[in-house]
Structures are given as C-alpha cells and as structure tokens.
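Peer 1: Any chance you can model this:
(chains A, B and C)
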Amino acid sequence: MNGQEILSYVPILMMFLVSLAIATGMVVSSSLFGQKVKSREKLMPYECGKDPVGSARERFSVKFYMVALMFILFDIEAIFFVPWAVVFRKMAEVYSKAFVFLEMLVFIAVLLVGYIYVWKKGILDWK
Amino acid sequence: MHFIKQNILTVVTFLPLFGALLMLLHSYFRGNNPEAMRRMALGFSLATFLASLPLIGWYADPTLIVKANWIGSLGVSYHLRVDGLSLWLVILTTLLVPLCVLASWHIDKHVREYMVFMLMLETGMVGVFLAMDMFLFYLFWEVMLVPMYFLIGVWGGERRIYAAIKFVIYTMIGSLLMLVAIIALYLLHGQSTGVYTFDIVQITENIARYDFLTYQQQMWMFAAFALAFMIKVPLFPLHTWLPDAHVEAPTAGSVILAGVLLKMGTYGLMRFNLPMFPEAAHRFAIPIMILAVIGIVYGALVAMVQPDLKKLVAYSSVSHLGFVVLGTFAFTETGMQGALYQMLNHGISTGALFLLVGVIYERRHTRLISEFGGLSTPMPVYATIFMIVTLSSIGLPLLNGFVGEFLILVGTFTSAHPRILAVIATSGVVLSAVYMLWMTQRVLFGRVTNEHNKSLADVTLREKLTLVPLVVLIIFMGVYPSFFLKRSAGQLQQIHRLVNERAVAGMVR
Amino acid sequence: MMTLLLQTSVLDINYVAIWPMIILSISGIAVLLFGIAKDPVHRDMSMIGIVGFVLAGVATGRLWLPVKTVGQIRAFSNMVIIDHFSLYFFFIFIIIGLLTLLISASFLEAERLPVGEFYSLVMFAVVGMMLMAAAGHLVMIFLGLEIASISTYALAGYRRNDLRSNESAIKYFVLGSAATAFLLYGMALIYGATGSAELEGIRTAIIDNVNAATKQPVHTELLFLGAAMMLVGFSFKVSAVPFHLWTPDVYEGAPSSVTAFMATASKAAAFAAFLRVFVFCFVPGYGQGLHSAWTTSLETIAILTMIAGNIAALTQHNFKRMLAYSSIAHAGYALVGLIADDWQAVAFYLLTYSITNIGAFGLITYLAGRGDRETEIDDLAGLGFNNLGVSIAMLILLLSLAGIPLTAGFMGKFIVFKAAWQKGFHVAVIVAVVTSAVSVYYYLRPMVIMFFRELKVEPKRLPLPTGVLVTVVLSILGTFYLGVMPGRLFQAMENAKVSFVQSR
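Peer 2: Have a look, this model is predicted:
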C-alpha cells in the first residue's frame, strides 16, 4: 500500500470529521441556547415513546409487527433498484433499453401486488 | 386349437381374478347378494379347474409357453410355462379351490369379500406355479399374501389377528431376502452373459453352461432362497407360524394353506435351489435333511399330545412336509419323485382332514378331541370317509400316502447320504400311525359319551360333494401312481441331472 | 454476488426455460388477488390453481423434446439448468401440488380458512422446489430452498387457532432454519475450497484439483468440512436419522393436506438438490476420497434411518405420526439409492412414494373429519366393511407403501435395491430388506383395525369430497400404473441419463 492509495481515503476521513462536528455542534448548541422544560416525561431516557421502567411482559399491538415487517420487505425490495440502475447501460447494450425498462416495471408490478394485498388485508388501517 | 393352446395358461391363471372382478361388478349393479356371490365363485373356480384339465395332455407341448416382453429395460417378461414339476401342483390348486368354496357355503359374514379373496388367492397360487420369470414369480408369491392375510384375519378364529400378522411377517422376511437373492442373481447373470433377464429357464441353463457363480455366491444365494422356501414349507425351526395360522384360519383357509401354500415352498426348492445352485445344495443337504428329520419326529410327537383336532393336523403337516424335504434333498430320482408325490398326497389328505374337522366344528363349535367320541354311531358316512383319509395320511398301501412315503424312504436309503437319516425318518411313519389312529379312536369309536354328539347329523350333500372327490383321488393315486409319475418324470430327471452333474464337476474343480 | 452473475458478458436471460415457474408464479399471484376480493368464490380460485398447475405441466412437457435434442438448456448464467432431471422433478412437484390443492379444498371450506393464501403458498412453494431441482448454482439452491421452506412454514401453521398447528409451524421453522444455516455454511466453505459456487465450476475444480479463483489446489479440509455441513443440512431436509426429530411433531400438527405436501413434494425437492450437489459434483475418484467419504457416511445415515424410522413407526398410535415415521424410513430407502449414485433410481423411488403417499394423506384428510382431529389409528375401527371403497383404497395405498408387488411402492424399492446391490452396498440393501419386512407390521395395523375389529359406534361421516375422490383415484391409478407398467417411464429415464452425463 503506497502513499497514493492512502491519500484516496482522505475524503472519507473528512466526511467523518464534518459529521462529527455537526452532531456535536447540534447537541452543544441546543443545550446552551434551547428552552428547558423539566417535566417527568421530558427527563425520561428516550425509548421510542415507551415507558422504560416497568414489566417487560407488555403486550404490543400486532400492528407494530406488521408495520415492521412491511417496512423491511419494501425497503429491501427497493434496494434492488440500485443494481438495476448500475447495470442498466451495460444490459441495454445486449438487450434493448425498452426490455430492460420493462423488466423493472414487472418487478414494480409485483411490488404493487404486494402493496395491494397489504392494503386490502387492512394492515394499513389503524383503527 | 393353436389359439387355445397359446392362451390356456393365461386363462388358467387369470380366470379366477377375472371372476372376482365380475363378482364385484355384479354386486355393484345388482346389489350384494350372498347367494349369487357363492354361485359365481363356485362357477368360476370350477371353470378354472376344467380349463386346467387339458394341461394333463398338453403339458409337454411347447406351444403352451407364453412369453411376452413386460418391462423391457429390466428384462422382465411375462413368461408362463407348465412342466412336469408344476403340472400336478396347478391341478391340485384348481381342484382344491372349488372344494373350498363349497366348504365355505355356510359362511355368512361378508360373503362377497370372502369369495373375491378366495379367487384372488387362486390366481396367486396358480401364478406361482406357472411363472417362469423370477420377477413374475416373486410378484405372485407376494401378492398371494394379501388375500390369505384377510382370509385368516377376518374370517378366522379367536386369535386370528395374531395369527394373520405372524403369518405375513414370517413370510415377508423370508421372501424379501429372496428378493435380494433374485436381484443378485439377475445382476450376476447379466454381468457374465451380457443378457439381463429374470427368465428362470434361461438362467438355469446358463448357470449349467457357463458356471459363472462362485462357490461363495452359490452358498449365499442358496441360503436366501432356501430361507424363504423353508419358512413356507415350513422346516423345523421356522414352523412356528404354521400351527397358529392353521388353527385360526377358517376351514377353507386351512385347506388352502396346507394343500397349496406349503407346497410352494417345496416347489421353490425344486425349481430354484436344486438346479441353480447344485454345489451349495450338496453342501447344505445334510444340515437340511437333519432339520427335516427333526421336523418329522418332532411334528409327530407334538401332534400326538394335541388336544385340538386342527392343531393335531397342523403338526402332522410339519411332519409330512419333513418327508418331502427329505426326499428332495436325497438327490435321487426316486426321492424326488416321492417328494413330488408326497406334496400331492399331503395336499389331498390334509386338505380332506381339515374339511372333516370343519364338518364337526360347524356342528359343535369345538375342535377339542375330548369333546367327541363315538361319532361313528350318529355319523356313519362321516366316519367312513374319516377313516379312509386317516389311513391315507398314515400311508396304508393301496392308498396314496404309501406311494409317496415309500418312494421317499427308498430314495433316501439309496442316496449318498447317511442312512441313519432314512432310518429315523421311518420312525415318523410309525409315529404318524400312532397319533392318527389314536385320534380316530378317540373321536370316532367307543361309546358316545357326550350328550351333544348323540344327535349329530351325518354329512350333508354339500359336504359329500367336497369330500368324495378327494376320497376318490386318494384311492386312484394309491393304485395308479404311474399316471402321475410318468408325466413328471422328465422334469424331475432334468433337475436330478442338473443337481448331480454340476455338483460332481464342482467337486472335481 | 453481482460480479458472479455478470461473469459472462451476456446475461443469458431465457424466459422459455423458466416458463413453468413463471406460469405458476403468475397464477399464484392471481389466486392471492382473488382471495382478497370482497366475496371470494372458492370454486374460481380452485380453477385458477388447477389451470395454473396444468399449464405449468404443459410448459414442462413442451420443454422435454427440446432438452432431448440439446441435452440441457442453461439460463441466467448457469443459474438454472433445465435437463431431464429437472423436468422429471418438475412433473413430480406439479402433480403433487395439484393434488394438494384438490385434497385441501374441502378442508379449507369446512374450517373456514382463507383459501387464496393457502393456494398461492402451495404454488409458490412449488416454484421454490422447481428452482431447487433446476439449480445450477449453490445460491440458486439456497433461494429455492428458502422460497419453498418459508411457504411451507406458513402452511404448517395454517390452522391459526389450533395449538398443534402452531407448535408444528414453530418447530418446523426453528429447526428448518437451523438446517438452512448448516447448509449455507457448507455452501460457503465449498465456495471457499473450490473458488466457485456454480455446480459445474465446483465439479471441474474438484476433478482438476484447481481452485477456480486462486488457481491453487483445492483446499481439501475446507471441501470436506463444507460437504459434511451440506450433508447435515440436506439430511435435515429429507428427515434422515439423526436429524429427523422434528418430523413426527411437525407432521402430526400440521393440517393433513399440508403434511401430505411436506412428506412428498418437500422431501422430493430436498432430494433433488441433494442429488444435484452430491451425485453431480462430488464424483468418485477425485477430491481425495470425498466420494467414498460421503457415501460411507450416508450409508450409515441411511441404515440408521431405515432402522430407527421403521422401529419407531411400530409403536405409533396416531396415523399421521405413523406415516411421519414411515416417511423417515422411506427417506432411508431413497438414500440407499442416493449412495448408489443412481439418480434415476432415487427419482423413480420418490415418484412412487409421492404418488402413493399423497393418496394416503388425502384419505386421512377425509377420515380426520371436522377439526382434523380423528387421526388416531383406532378411529378407523370398523371402517372396513362399512365404507368398502375408502378402506380398499387405503388398503391399496398402504400395501404400496409396504412394498407389496404390483404396486408402485414395490417397483420403487426394487429399482433402488437393484441399483445399490449393483454398486456393492450389500449391507444397506439387506438392512433395507429386513426393515421393509418389519414395516409390513405397522402398515398392516390400520388394516387390522379397519377390517378385523368390529364396529362399536356407527360414525357419522360426510360423503367423500370430489377433490379427495379425484386425488385418491389418480393416486391409485398411478400406483398401479407404476407398479405394473413402468416400462415406458424407465425407458424415458434411461434416455435421460444421456443428458446428465453430457454435462459432465
């Protein structure tokens, strides 16, 4: 590994430093200049809106799981857009552009079916 | 004529099955009528018997041979053929089945199924004797278990479930090992001749010609085949299924078991073990003969103390079949002829004995010897027939039993094996006289001691119809044995030649 | 992974090759969408399912001749290999899938369970199984396995309100995942050892003893470890002893029609992948004795499986549980064919076993009655002469499972025993034979109860649903056809051997 290669990592180092600076700056400035209301809820450790102290055997609504599942599914499926975009040009050399585009449309159609299914099953319905 | 000859073996084999199917159709469209079922079963089994009779004249005719490709890529063929060895066994089978149907006339539980199983069983048994393809042979051999299982299991006595399962498991273990031997033989034959076939005739010939089996292989295969057949025979230590099955089976089931099924074992020994593995046969001869002799004496001794008539007859079967094995492994022509003859005798006499036991069981619903006594007074005809059959079973000259036992003993005496075997076996003849005569004395003669026996009706017309043909045969076979022997002599000579020639050659090697 | 995919410059997209899978996926989705309509009509969904399976079958059939001429069709950069091997298994899966739909219809109706999801899960599972059989790449095997497994996990727990069904699903899921982990680990190690995840590449690497990526000799320890891991994973999936413990509980708890599907199609799929990897890649004579190592260990596993499966089945009182143990034992018999390196024997065996078993389970779904509850063998008491048709059908199917001649079961066993004896696995064959004789005992038990026991109470049974009737009739016809006239199929498979060899 020569010096040239190490130099190529400098931008990453810079990004780290900048993000660190921004994060620290936000926390510090809010504690310096922000309004402080000291209520019970405000002083609790942050736990996504849940009471951090109490029985662990609490029942959650199944809807949380449903949403979590759907999030994971659609999130991961959306990731497939990225490789498709990367190889689009290369594939289009072999096949026609329309074909490659259609391939993705089919994929989206399948996603859509899943979406319709979820919708019709009432999982998006929070009443 | 040619057409008839071409198809007669197929007809004899499958006519009963066809009849069974027709019965099912009939009951489907016309309702389940027991009387019609009985008549149809009788009709079809009689028709099969009649169809099998021409075989006596034609058995040597090569146009009878049926051979057609079945599963080509495996070398399995549909190959039926009748020869001197199987001829009489086939006819014995086709004769006994109508008699059994007749003897089961009184059965009123699930008549249709009973008769259908009976006919299916007949197809299986005839098929075993006629199949000349190992695959086909195995198929019939196994398929036959199913109807027999049900005959014992549904229509049998108190411990019928136990007996039925025991019967099937015993037979299955033996026959599956035989399947392995069949596969091994098929592969070895294929590897050395390049022809992959299950054809028994071809394999037997090629073994004699090319001698491709090593001694070791012969021994293993002999053992596997012999185990299957000896369980069926049954030879002494493997016989324990037999008393159970015989006792629990309905009368007709016992007749079929004793008359035909046991013969399939000895038939197999003659068809496979002797001509195919001659050296191993010679090597195993003495141990097997010793077992046979033990069976003869043991069977007789146990029969002597049985309080139950059916059990007595069952153990006498162990003893009689010991004779058959003894004669088979004497490796003399006389011995083998005697063995074959004794198979027929046993089928007829023991069949008749079971029928006779069935007759009084139907009347009294017991088979205990102590319950009877002096039956000759109320049932004179019955007693006469009983006596003739008993004497045949003992081996009285001029009746069939004598011919078989005599030939076997002569054959064993003149064989190369130690004479002591024949000597001990002869004692079995004496013992059989003891237990049979003692039994007849207790059942038939003396004063009528039990009140129930005083008013017993004599044999009915239907029962006469089942018994008289057998009695006629007993006498006919006793006075004119050459009618039977001359037709089987050729085939037995060939087996005799194969088992001895090759073995001698093997010893030189 | 992308670089692996793009190794060949052309992506090799070939929809014709995967037409059967596409058809099934589309019809699966269609059924799913129908199921969420306002008033779903059961009959319509059944029709879509049936038509989907039939069309998939036609598509598979249309591939047969082209494959015959070219030997095999490769698609998606060797990810999918369509040869007679895969087509043969496609047929098994399609037939079983179709029959599963047929036997589930009445059960779903009676239990008021959602129909659309059930049917589409079955169809998706079949797609996964097809991918397993047609896989030319370890990753494809894994993907197919996951598609098939996840669908089946869901199916096993389909009776949501039934505790047994839940238990079954959870057990199946947890243990199945463990097995998958083993499998995946093995795949990774094999990839490391040979430098390729393509089956063809693995095979070449082992034969040439050159790692495809590093050009070094193949790392033997890694190879062996990987093979062992995969062996364990597959053994789990085919439920071979000692990895069989999940089977009885899962089979007992799952709805009967799902059990039928698991015991037949899932098992056949696992065997297809098993054959692809072990028989196709780990060939004799190379890889420092890899072949003899896996055959020896599998021989031991097969023997244990046959013994344990059959003996455990002897003591069962529950029909489904008994058939679960019987299916373990049957896996043992199929393994005997596998160690003989004879894919035809294994494939034929699996066909005979599946055809028979689906019919038997079809009858169980019917006999189990409401709530799928009456699955004890004693519940059959007196059925024999009361319902002669059903009991004779059951009799024939059980005889086939026991391997009585004239039935498919016998022919399958015969072919396997022949293959194994030819290759010299004498001990395995003898154990197989003796255990088969033992197995007759427990196959006879239901018959004893059905025919030999007198009936105490007249049970009220509904008429036989059409779907079950059709399945049982087809199953019995198949049993007899394969048992009496397997000649044409043997011929077809004999020719198929050519294509399998060509790819070597």
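
Peer 1: could you pull out the strands for chain B?
Peer 2: Remark: strands assigned in chain B by DSSP state E are B:66-71, B:76-80.

Peer 1: Please work out which of the ones you listed is packed deepest.
Peer 2: Across the strands of chain B, averaging neighbours per residue (mean count of other CB atoms under 10 Å in any protein chain shown) puts strand B:76-80 on top, at a mean of 22. In short, each C-beta sits where N, CA and C put it, glycine included.

Peer 1: quick one: it to strand B:66-71, angle?
Peer 2: Angle between the axes of strand B:76-80 and strand B:66-71 is 160 degrees (criterion: axes from the mean of the first three to the mean of the last three CA atoms, to 10 degrees).

Peer 1: related to what we said a few turns ago, got the strands of chain B as a markdown table, with mean pLDDT and distance to chain C columns?
Peer 2: Compiled in a markdown table, the strands of chain B are given as follows (pLDDT from 0 to 100; distance: least, CB to the nearest CB, whole Å):
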| stretch | mean pLDDT | distance to chain C |
| --- | --- | --- |
| strand B:66-71 | 87 | 4 |
| strand B:76-80 | 90 | 8 |
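
Peer 1: want to throw these into JSON lines with distance to residue B:490?
Peer 2: Shown next, in JSON lines, are the strands of chain B (distance: least, CB to CB, whole Å):
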{"stretch": "strand B:66-71", "distance to residue B:490": "20"}
{"stretch": "strand B:76-80", "distance to residue B:490": "19"}
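
Peer 1: Quick one, which of those gets closest to chain A.
Peer 2: Judged by CB to the nearest CB, the one of these that comes nearest to chain A is strand B:66-71, at 46.6 Å.

Peer 1: And the helices in the stretch 251-400 of chain B?
Peer 2: For the stretch 251-400 of chain B, helices defined by DSSP state H, counting those that start in this stretch occupy the ranges B:251-256, B:262-268, B:274-276, B:278-304, B:309-328, B:333-364, B:380-394, B:400-413.

Peer 1: Now do the buried residues in the helix or strand residue C:204 falls within.
Peer 2: Following DSSP states H and E, one finds residue C:204 within helix C:199-208. For helix C:199-208, the neighbour count (16 or more other CB atoms under 10 Å in any protein chain shown) marks C:199-206 as buried.

Peer 1: for stretch C:218-233, same thing?
Peer 2: Under the neighbour-count criterion of 16+ other CB under 10 Å, stretch C:218-233 has C:218-219, C:222-233 buried.

Peer 1: ok, residue B:6 to chain A distance?
Peer 2: 64 Å (CB to the nearest CB, to the nearest Å).

Peer 1: ok, that residue - contacts?
Peer 2: Counting by CB atoms under 8 Å, 6 or more residues apart in numbering or on different chains, residue B:6 touches B:63-64, B:66.

Peer 1: Go back to the residues you listed and keep what's next to chain A.
Peer 2: Of the residues in those, proximity to chain A by CB under 8 Å from any CB of the partner chain holds for none.

Peer 1: Stretch A:86-101 near chain C anywhere?
Peer 2: Yes. For stretch A:86-101, a contact with chain C is found by CB under 8 Å from any CB, at A:86-87, A:90-91, A:94-95.

Peer 1: what does stretch B:230-248 give?
Peer 2: No. With CB under 8 Å from any CB as the measure, stretch B:230-248 is seen stopping short of chain C, the closest distance being 11.1 Å.

Peer 1: Figure out the length between the terminal residues of that stretch.
Peer 2: Separation of the first and last residues of stretch B:230-248 by CA to CA, to the nearest Å is 21 Å.

Peer 1: Name the nearest residue to residue B:34, ignoring sequence neighbours.
Peer 2: residue B:111 (3.8 Å; CB to CB, 6 or more residues apart in numbering or on different chains).

Peer 1: Next one, pLDDT for residue 120 please.
Peer 2: No chain specified, so I'll use chain A. What the model reports as pLDDT for residue A:120 is 86.

Peer 1: wait, I meant chain B there
Peer 2: In this model, residue B:120 carries a pLDDT of 91.

Peer 1: one step back: with secondary structure as added columns, please give the buried residues of stretch C:218-233 in TSV.
Peer 2: Putting these into TSV (DSSP: H, G, I helix; E, B strand; the rest coil) gives the following:
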residue	secondary structure
C:218	coil
C:219	coil
C:222	helix
C:223	helix
C:224	helix
C:225	helix
C:226	helix
C:227	helix
C:228	helix
C:229	helix
C:230	helix
C:231	helix
C:232	helix
C:233	helix
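
Peer 1: one step back: pick the one among the buried residues of helix C:199-208 closest to residue C:403.
Peer 2: Checking the buried residues of helix C:199-208 against residue C:403 with CB to CB, the nearest one is residue C:199 at 32.8 Å.

Peer 1: Pull up the gap between the residue of the stretch 251-400 of chain B found nearest chain C and residue B:109, please.
Peer 2: Of all residues in the stretch 251-400 of chain B, residue B:253 sits closest to chain C, at 14.0 Å by CB to the nearest CB. Per CB to CB, to the nearest Å, residue B:253 is found 13 Å from residue B:109.

Peer 1: which residues do these two both contact?
Peer 2: Shared contacts of residue B:253 and residue B:109 (CB under 8 Å, 6+ apart): residue B:155.

Peer 1: Those two: which has the busier surroundings?
Peer 2: residue B:253 (31 against 11; other CB atoms under 10 Å in any protein chain shown).

Peer 1: ok, the residue nearest to that one when sequence neighbours are not counted - contacts?
Peer 2: Residue nearest to residue B:253 in three dimensions, not counting chain neighbours: residue B:151, with 4.4 Å by CB to CB, 6+ apart. With contact set as CB under 8 Å, 6+ apart, residue B:151 has these partners: B:114, B:117-118, B:121, B:249-250, B:252-253, B:256.

Peer 1: Quick check: residue B:151 vs residue B:160, distance?
Peer 2: 10 Å.

Peer 1: How about residue B:93?
Peer 2: Distance from residue B:93 to residue B:160, by CB to CB: 24 Å.

Peer 1: For the two, work out which one has more neighbours and name it.
Peer 2: For residue B:93 versus residue B:160, the count of surrounding residues by other CB under 10 Å is larger for residue B:93: 31 against 23.

Peer 1: Since that was my last question, I'll sign off now.
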